[in-house]
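[1] Fold the stuff below for me.
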Amino acid sequence: MLTPSERPEPTWITVFRLLRWDKPAGRLILMIPALWAVFLAARGTPPLPLVGVIILGALATSAAGCVVNDLWDRDIDPKVQRTRSRPLASRALSVKVGLGIALVAFICAWILSLYLNPLTFWLCVAAVPVIVLYPLAKRVFPVPQLVLAIAWGFGVLISWSAVSCGSEVASTPCLGAATWLLWGATVFWTLGFDTIYALSDREDDRRIGVKSSALFFGKNASHAVALFFVGTTLLLAGVGRVMQLNLGFWLALLVASGSWIWQYYRLCQKTIPHPTYGQLFRQNVWIGFILLAGMIVGNFE
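    Prediction:
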């Protein structure tokens, strides 16, 4: 009789792992900037159906992006300790199945985008090439995290335009100054937390020839992360000033800034246990939600 560890994994669990739904931090951290934008654009009270579409759209898009990434990297992931057990890398699922799942995820995202106004729909379409080509960037571009950050930034533009563009009763300008400040903050924040994430793989990446911001900045990677988080803080402060958010937002930003300073301190230690990088990455999920709470409260009078 087979022991539980020797029994074949049920297919639905394998698909679950392919979509990374067993690791919610990465799915939530994609969703957060989209939620920042929808709540800020609606001054704290967006329509609940729209929030639901944004959440489901982020899950579908994230799922598609994960499968596309694993399709690109199916011959690289087996060489990396952290990724060798992924379903496509371990050949638990075939390429044909992976392509089918990616197509289903993109179709789900497309159906959800039909709920949105024309500009928002075309922003969704424009995001697809960036998502599909991000894995290629790891092979040819020295800082592929920037491509990922731009993909993350589409969440801001999509959510904000869904609230404010084409609506006669919108309370904020369609893609105004606050939108672009939030977009910039998202790009810097993504560069920061994904460089931390990349630090855990830098030895494997160097060995197999994959590029990353952790390798590009080398021994100055921790200082680069600090600069990215400083940029995030300054641009978020610009959002608060332009939108005249109240004390609740500024307290949340203070907590976030303090957390990023503490993360920089951890990254500057001479000896850093390998799990620390994952812990710091996941902490940014909570930082993002603290900022979201501040953005909601910051719109109340």
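[2] Going by C-alpha atoms from here, please, whenever you check contacts or count neighbours.
    Fine.
[3] Identify the residues contacting the lowest-mean-pLDDT helix or strand in the chain?
    Lowest mean confidence among the helices and strands of the chain (mean pLDDT, DSSP states H and E): helix 202-208, at a mean of 87. Applying Cα atoms under 8 Å, 6 or more residues apart in numbering, the external contacts of helix 202-208 come out as 76, 79-81, 211-212, 214-215.
[4] show me where this structure has helices.
    11-18, 24-41, 48-72, 95-113, 118-140, 144-164, 177-199, 202-208, 213-217, 221-243, 247-267, 275-297 (DSSP state H).
[5] Next, the angle from the fifth one to helix 48-72.
    Put plainly, it is helix 118-140. Here helix 118-140 runs at an angle of 20 degrees relative to helix 48-72 (axes from the mean of the first three to the mean of the last three Cα atoms, to 10 degrees).
[6] With just CA atoms, put helix 118-140 into PDB.
    The C-alpha trace of helix 118-140 is given here as PDB (Å, rounded to 0.1, in the frame of the first residue of the first chain):
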ATOM      1  CA  PRO A 118     -14.100  51.100 -23.800                       C
ATOM      2  CA  LEU A 119     -10.900  52.800 -22.600                       C
ATOM      3  CA  THR A 120     -10.600  50.400 -19.700                       C
ATOM      4  CA  PHE A 121     -11.200  47.500 -22.000                       C
ATOM      5  CA  TRP A 122      -8.400  48.600 -24.300                       C
ATOM      6  CA  LEU A 123      -6.000  49.100 -21.300                       C
ATOM      7  CA  CYS A 124      -6.800  45.500 -20.400                       C
ATOM      8  CA  VAL A 125      -5.800  44.400 -24.000                       C
ATOM      9  CA  ALA A 126      -2.600  46.500 -23.800                       C
ATOM     10  CA  ALA A 127      -1.600  44.800 -20.600                       C
ATOM     11  CA  VAL A 128      -1.600  41.300 -22.300                       C
ATOM     12  CA  PRO A 129       1.600  41.700 -24.300                       C
ATOM     13  CA  VAL A 130       3.500  42.900 -21.300                       C
ATOM     14  CA  ILE A 131       2.300  39.900 -19.200                       C
ATOM     15  CA  VAL A 132       3.200  37.400 -22.000                       C
ATOM     16  CA  LEU A 133       6.600  38.900 -22.700                       C
ATOM     17  CA  TYR A 134       7.800  39.400 -19.100                       C
ATOM     18  CA  PRO A 135       9.400  36.000 -18.900                       C
ATOM     19  CA  LEU A 136      11.300  36.800 -22.100                       C
ATOM     20  CA  ALA A 137      12.600  40.000 -20.400                       C
ATOM     21  CA  LYS A 138      14.500  37.800 -17.900                       C
ATOM     22  CA  ARG A 139      16.600  36.500 -20.700                       C
ATOM     23  CA  VAL A 140      17.400  39.800 -22.500                       C
END
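[7] Which elements pack onto it?
    The helices and strands touching helix 118-140, judged by 3 or more Cα pairs under 8 Å, 6 or more residues apart in numbering; DSSP states H and E, are helix 48-72, helix 95-113, helix 144-164.
[8] which one of these is the most hemmed in?
    Comparing the helices and strands packed on helix 118-140 by mean neighbour count (mean count of other Cα atoms under 10 Å), helix 144-164 comes out on top with a mean of 24.
[9] Who are the packing partners of that helix?
    Using 3+ Cα pairs under 8 Å, 6+ apart: helix 144-164 touches helix 24-41, helix 118-140, helix 177-199.
[10] and these as JSON lines, adding mean neighbour count?
    Listed next are those as JSON lines, based on neighbours: other Cα atoms under 10 Å:
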{"stretch": "helix 24-41", "mean neighbour count": "23"}
{"stretch": "helix 118-140", "mean neighbour count": "17"}
{"stretch": "helix 177-199", "mean neighbour count": "24"}
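[11] Among the contacts of helix 202-208, which one lies nearest to Thr271?
    Nearest to Thr271 among the contacts of helix 202-208, counting by Cα to Cα, is Ala214 at 16.4 Å.
[12] Roughly how far does the closest one sit from Pro129?
    According to Cα to Cα, to the nearest Å, Ala214 stands 24 Å off from Pro129.
[13] returning to that earlier point: can you tell me which of the contacts of helix 202-208 are buried?
    76, 80, 211-212, 214-215 (16 or more other Cα atoms under 10 Å).
[14] Lowest-confidence one in the residues you listed?
    The lowest pLDDT within those belongs to Val80, with 80.
[15] Ramachandran angles for that one?
    phi -120, psi 130 (degrees, to the nearest 10).
[16] before we move on, what about Lys270?
    With angles defined as degrees, to the nearest 10, Lys270 sits at phi -70, psi -40.
[17] One more: Lys211?
    phi -90, psi 150.
[18] pretty sure it contacts Pro144?
    Yes. The pair Lys211 / Pro144 is scored as a contact, 7.0 Å apart, by Cα atoms under 8 Å.
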